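Student: have a look; sequence and predicted model below, questions after that.
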Amino acid sequence: MRIVLASSSPSRRMILSSAGVDPLIRPADVDEDALLTSLAEAPPAERVAALAEAKAQAVAGDFPGDVVIGGDSMLLLDGRLQGKPHTPERTIGRWREQAGKKAELLTGHCVLFGEQKVVETTSTLVYFAQASEADIAAYAHSGEPLQCAGAFTLEALGGWFIDRIEGDPSSVIGLSLPLVRRALYSFGLNVNDFWNR
């Protein structure tokens, strides 16, 4: 029995690896834009959870005896959901918007084990620093935030520009260990069942 991560996110993999689990990585092929468009009227937390569930379901059929985890994160800033910026220019624009502000990072999770399922979105408040223009540009051109929801990381270079968070740090990085633990317990499993030995 393994944990299968339906994501190519190095941050999600790092969280599990640091917590003693060597997950099987099987990124899901999901049309995120189409799914988000179909859920345009849904509350933000529901939209992020739907992305996570679509990813987990996309690979679950290949791993019937394993625990499959799908995840997705988006930043809710000034009432608008923001995903990955993808380019340095968009990253700079995002940082000019969010510097000195507070925003809500929503991380959707779907944990599947056979017919059992836990789908939940965690919410963490992120307080962005009033970063200088030079630092914003340097950070954007480092490449680090281009594939990150909200155009930042907490655990690497981006940590310089986050004043504080209120909530689960692992959820901000990409995967809530407390949520996954609760899901495993609800399935009758233990966390240590998956530790590297």
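Tutor: Done, it's in.
Student: surely Gln116 is in contact with Ser186?
Tutor: Yes. With contacts counted by CB atoms under 8 Å, Gln116 reaches Ser186, the gap being 7.2 Å. (C-beta placed from N, C-alpha, C; glycine too.)
Student: where are the low-confidence patches of this protein?
Tutor: Flagging of the chain using pLDDT under 70 yields an empty set of residue ranges.
Student: would you check that Leu189 makes contact with Val67?
Tutor: Yes. Counting by CB under 8 Å, Val67 is a contact partner of Leu189 at 7.2 Å.
Student: pretty sure Pro27 contacts Ser7?
Tutor: Yes. Between Pro27 and Ser7 there is a contact at 6.0 Å, judged by CB under 8 Å.
Student: comparing those two, which residue is more hemmed in?
Tutor: Ser7 (24 against 13; other CB atoms under 10 Å).
Student: where along this protein do the helices fall?
Tutor: 10-18, 32-38, 44-60, 88-98, 133-142, 169-173, 177-186 (DSSP state H).
Student: list the contacts of the third one.
Tutor: Same thing as helix 44-60. With contact meaning CB atoms under 8 Å, 6 or more residues apart in numbering, helix 44-60 is reached by 4, 6-7, 26, 28-30, 32, 35-36, 39, 42, 68-74, 76, 81, 106-112, 117, 119-121, 123.
Student: now that helix: buried residues?
Tutor: Buried residues in helix 44-60, counted by 16 or more other CB atoms under 10 Å: 44-45, 47-60.
Student: and which of these is nearest to Gly150?
Tutor: Val48 (12.0 Å; CB to CB).
Student: if you skip the residues just before and after it, what's nearest to that closest one?
Tutor: Nearest non-adjacent residue to Val48, counting by CB to CB, 6 or more residues apart in numbering: Gly108, 3.7 Å away.
Student: nearest the middle, which residue of this protein would you pick?
Tutor: For the chain, the residue nearest the mean C-alpha position is Gly174 (3.3 Å; CA atoms, centre = their mean).
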